[in-house]
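> The following comprises the amino acid sequence and a computationally predicted model.
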Amino acid sequence: MEDMHEATFLWSAHNSNEVILTGTFDQWSSSIRLTKTPRGFEGKVKLPWSARVLYKFVVDGRWRTAQSHAEDTDSLGNVNNIYECVSFLRCVTVMGFISAYLLAF
């Protein structure tokens, strides 16, 4: 099995103009511009299987979390979403979302 897997992130609000995904996987550099699709905005990220990834969406310039995903507050008081994938069959957002496909509402 490879050390990395591809996770697809989706921001499903259609009324946005631009959505960017950022997190610990890109050192919070806002590097993943999501593509507008009929389902919303989506993009793919290569992530290590065992990593605990913190992430946020930048929606029309505003930093946002997906309320349907688990959140964690860091030592500076920032609230972030959490993603973990420990094996092919067990990808979770800590609160139990199964699959490497994340939906944000």
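Arrived safely. Residues are numbered from 1 along each chain as shown.
> Neighbouring strands - and their directions - for the host helix or strand of Lys56?
Using DSSP states H and E, Lys56 falls within strand 52-59. With DSSP bridges as the test, strand 52-59 is paired with strand 19-23 (antiparallel), strand 62-64 (antiparallel), strand 79-87 (antiparallel).
> quick one: average pLDDT of it?
If you average the pLDDT over strand 52-59, you get 94.
> Mean neighbour count, the strands paired with strand 52-59: which tops it?
strand 19-23 (a mean of 22; mean count of other CB atoms under 10 Å). All C-beta spots, glycine's among them, are computed from the backbone N, C-alpha and C.
> got the contact list for it?
With CB atoms under 8 Å, 6 or more residues apart in numbering as the test, strand 19-23 has contacts from 9, 11, 28-34, 40-41, 43, 45, 53-60, 80-81.
> what mean pLDDT would you report for that strand?
96.
> Quick check: neighbours of the helix or strand following it in the sheet, parallel or antiparallel?
Of the helices and strands lying after strand 19-23 in sequence (DSSP H and E), the nearest is strand 32-33. Strand 32-33 sits in its sheet next to strand 19-23 (antiparallel), going by DSSP bridges.
> quick one: the partner strand to chain centroid distance?
With CA atoms, centre = their mean, to the nearest Å as the basis, strand 19-23 stands 7 Å off its chain's centre.
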